[in-house]
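> make a model of this:
(one chain, ligands or ions: 1)
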Amino acid sequence: MTRDADRSCPPWCKYASGHLHLEPEGPGDYHYSEFTVLPLPQLPGLRERTEIQTAIEQHITATTTHQPMIWLGLGPEGRASEALTLDEATALAAALTRAVARVHNAPGGPGLERHDPV
Ligand SMILES: [Zn+2]
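Residues are numbered from 1 along each chain as shown. The predicted model follows:
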């Protein structure tokens, strides 16, 4: 019988082992990691103060252990959110890294250090 093993928590789960509540025909439950919150201060004319959150989540039902997903929330308390597979999260991280590198590597750099002489 593997049910006990299925209910054990992965090392990243923030809850105590045995926290899952699984009913035979129920909706299942989740393992969650701690949330990482990235506060984004207001930038006048560009954006209001907001935040991005990320966490690991894994949906478990009485019969299925789904793959861990990377949860990404935007706005206070993750008003908009999406769950990404590990491959999708890796692709997003790579795309962000490439975009930042393109700006840093462009002639003149990011443009923040350039000031016209007064
Ligand atoms: Zn757990």
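
> could you pull up phi and psi at Tyr30?
phi -130, psi 140 (degrees, to the nearest 10).

> near the ion, which residues of this structure show up?
Within the chain, the positions lying close to the ion (Cβ under 5 Å from the ion) are Cys9, Cys13, Tyr15, His31. All C-beta atoms are positioned from the backbone trio N, CA, C, and that covers glycine.

> any of these buried? List them.
Listed as buried from the residues of the chain next to the ion are Cys9, Cys13, His31; burial here means 16 or more other Cβ atoms under 10 Å.

> make a markdown table out of these and add secondary structure and pLDDT.
Output for these, formatted as a markdown table (DSSP: H, G, I helix; E, B strand; the rest coil; pLDDT from 0 to 100):
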| residue | secondary structure | pLDDT |
| --- | --- | --- |
| Cys9 | coil | 93 |
| Cys13 | coil | 97 |
| His31 | strand | 96 |
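
> what does the lengthiest helix in the chain rub up against?
If each helix of the chain is counted by residues according to DSSP state H, the longest one is helix 86-105. Here helix 86-105 makes contact (Cβ atoms under 8 Å, 6 or more residues apart in numbering) with Gln67, Pro68, Met69, Ile70, Leu72, Leu84, Gly109, Pro110, Gly111.

> let's see it at 6 Å
Ile70, Pro110 (Cβ atoms under 6 Å, 6 or more residues apart in numbering).

> could I get the CA-only coordinates of it as PDB?
In PDB, the C-alpha atoms belonging to helix 86-105 read as follows (Å, rounded to 0.1, in the frame of the first residue of the first chain):
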ATOM      1  CA  LEU A  86       8.900  23.500 -14.000                       C
ATOM      2  CA  ASP A  87       9.800  23.800 -17.700                       C
ATOM      3  CA  GLU A  88       7.600  26.800 -18.200                       C
ATOM      4  CA  ALA A  89       9.000  28.500 -15.100                       C
ATOM      5  CA  THR A  90      12.500  27.800 -16.300                       C
ATOM      6  CA  ALA A  91      11.600  29.300 -19.700                       C
ATOM      7  CA  LEU A  92      10.100  32.400 -18.000                       C
ATOM      8  CA  ALA A  93      13.300  32.900 -15.900                       C
ATOM      9  CA  ALA A  94      15.500  32.500 -19.000                       C
ATOM     10  CA  ALA A  95      13.400  35.000 -20.900                       C
ATOM     11  CA  LEU A  96      13.600  37.600 -18.100                       C
ATOM     12  CA  THR A  97      17.400  37.000 -17.800                       C
ATOM     13  CA  ARG A  98      17.800  37.500 -21.600                       C
ATOM     14  CA  ALA A  99      15.700  40.700 -21.600                       C
ATOM     15  CA  VAL A 100      17.800  42.200 -18.700                       C
ATOM     16  CA  ALA A 101      21.000  41.100 -20.500                       C
ATOM     17  CA  ARG A 102      19.900  42.800 -23.700                       C
ATOM     18  CA  VAL A 103      19.500  46.100 -21.900                       C
ATOM     19  CA  HIS A 104      22.700  45.800 -20.000                       C
ATOM     20  CA  ASN A 105      24.700  44.800 -23.100                       C
END
